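S.K.: all I have is the shape, not the residue letters:
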């Protein structure tokens, strides 16, 4: 077979180019420290590398979640610890307030400290994290958990709890809400709450209620009204002189308790020892409901005991001890309520501790998985420097030999023999 000079040159050039590419590839491996830099280097290994990289990214994400949750739970646990410390002090103060021989001045001093402790508790329940989110407001964490309205603390959040993944198959609660921590404790007495029913006017209606006479209010509750009452506004012509008026129905049996009672906006609605104020003038057919709630929250329990201690006066006569007996019973009930609050706070701290232990175990597991993944990745992707250097030396030798061979072959021509 005859070979033309062009074929000789082309084959030699191909050999030189191939050797040069192999050298460049090996040099790139030595530079990057990786055996597989592009998929064509090793398609099977490249696919495994992509899978392991994805798993390591997931592990990194889970670890970030673990760190963030751990910091949040530590903050919550610290706040609950402070709350428990204050509750322990309040327990001491309440017991001290019921002590024999205590003067009214000393009792008022105790009430002053209790009022300060209420403010501390309110501040703690409205604690924020490093992002400014309120940690006990549930999903509504852009607003304080508790606000003081009409002399009572009200929960403004919801009962939402955030759950976050810390591994492929495991989630953990990363937050706690004030509803589950500080609400729904048994109250010493029924507490009045009003809610808007039917409104026919153009303006929104808001209501507020306060107790003016505890004795009259207790009597209204005792007369079968512990489920509450419905107030309905009648035709203005139902009374003389003509004007707004209302009727009251007992919720428990629907009985009409009172009919055609005049309503004077400047005075509010005065019934059963209560004063109920309406933000706008009610119209015929408007209704609202008065409910008597037997549940309260931690802040109101403490605020109420402070108010009662401040208002209590030691009887001047041994013949008038009824109020003192009632006060003693109130103190006993309050101690029971404080004990229930303390127990829930302790239980919540225990639950948080369990979650933090789960985070520690999950973090250790993720670190082990990450280490194993990196080791496998190193075996698949990283270059063996000794083998690569040896291969580079051999490839360089091949290139030099190919170049020298080309020079000698290029000089093989009939023209050299015809000279």
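M.R.: Everything's here; your move. The shown structure was predicted, so the numbers you read here are calculated from the model rather than taken from an experiment.
S.K.: got a list of what residue 160 touches?
M.R.: Going by C-beta atoms under 8 Å, 6 or more residues apart in numbering, residue 160 touches 138, 139, 140, 175, 177. In short, each C-beta sits where N, CA and C put it, glycine included.
S.K.: pLDDT and distance to residue 254 added to those, as a markdown table?
M.R.: Shown next, in a markdown table, are the contacts of residue 160 (pLDDT from 0 to 100; distance: C-beta to C-beta, whole Å):
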| residue | pLDDT | distance to residue 254 |
| --- | --- | --- |
| 138 | 92 | 36 |
| 139 | 93 | 38 |
| 140 | 92 | 36 |
| 175 | 91 | 43 |
| 177 | 93 | 36 |
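S.K.: most neighbours among those, which one is it?
M.R.: residue 177 (24 neighbours; other C-beta atoms under 10 Å).
S.K.: apart from its chain neighbours, what residue comes closest to that residue?
M.R.: In space, and not counting its chain neighbours, residue 177 is closest to residue 138: 3.9 Å by C-beta to C-beta, 6 or more residues apart in numbering.
S.K.: secondary structure class for that neighbour?
M.R.: coil (DSSP: H, G, I helix; E, B strand; the rest coil).
S.K.: any idea how far residue 161 is from it?
M.R.: Residue 138 sits 7 Å away from residue 161, going by C-beta to C-beta, to the nearest Å.
S.K.: need the overlap of contacts for those two.
M.R.: 175, 177.
S.K.: where do the strands of the stretch 1-150 of the chain begin and end?
M.R.: 146-149 (DSSP state E, counting those that start in this stretch).
S.K.: low-confidence stretches in it?
M.R.: Residue ranges of the stretch 1-150 of the chain with pLDDT under 70: 1-9, 11-12, 14-16, 18-22, 24, 26-30, 32-41, 150.
S.K.: who's in contact with stretch 289-297?
M.R.: With C-beta under 8 Å, 6+ apart, stretch 289-297 has contacts from 146, 153, 155, 182-187, 190-195, 197, 209, 221, 225-231, 251, 274, 276, 304.
S.K.: helices and strands around the longest strand seen in the chain, which ones?
M.R.: What stands out as the longest strand in the chain, according to DSSP state E, is strand 185-196. Packing contacts for strand 185-196, counted by 3 or more C-beta pairs under 8 Å, 6 or more residues apart in numbering; DSSP states H and E, involve strand 207-211, strand 287-296, helix 298-311, helix 322-381.
S.K.: could you tell me the angle between that strand and strand 287-296?
M.R.: 170 degrees (axes from the mean of the first three to the mean of the last three C-alpha atoms, to 10 degrees).
S.K.: quick one: contacts of strand 185-196?
M.R.: If you take C-beta under 8 Å, 6+ apart as the criterion, strand 185-196 is touched by 152, 205-209, 211, 217-218, 221, 226, 274, 276, 288-298, 300-301, 304, 330, 333-334, 337, 340-341.
S.K.: filter those residues to the buried ones?
M.R.: Buried residues within the contacts of strand 185-196, counting neighbours by 16 or more other C-beta atoms under 10 Å: 152, 205, 207, 209, 211, 217, 221, 274, 276, 288-292, 296-298, 300-301, 304, 330, 333-334, 337, 341.
S.K.: for the nearest residue in space to residue 232 that is not next to it in sequence, which residues are in contact?
M.R.: Excluding its sequence neighbours, the residue lying closest to residue 232 (C-beta to C-beta, 6+ apart) is residue 287, at 4.8 Å. By C-beta under 8 Å, 6+ apart, the contact set of residue 287 is 197, 198, 230, 231, 232, 233.
S.K.: ok, residue 171 next?
M.R.: 163, 164, 165.
S.K.: make it 10 Å
M.R.: When the contact criterion is C-beta atoms under 10 Å, 6 or more residues apart in numbering, the partners of residue 171 are 65, 162, 163, 164, 165.
S.K.: can you list these in TSV and add neighbour count and distance to residue 99?
M.R.: Below are those laid out as TSV (neighbours: other C-beta atoms under 10 Å; distance: C-beta to C-beta, whole Å):
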residue	neighbour count	distance to residue 99
65	20	51
162	16	45
163	11	47
164	15	49
165	15	54
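S.K.: between those, which is nearest residue 241?
M.R.: For those, the closest approach to residue 241 (C-beta to C-beta) belongs to residue 162, at 58.5 Å.
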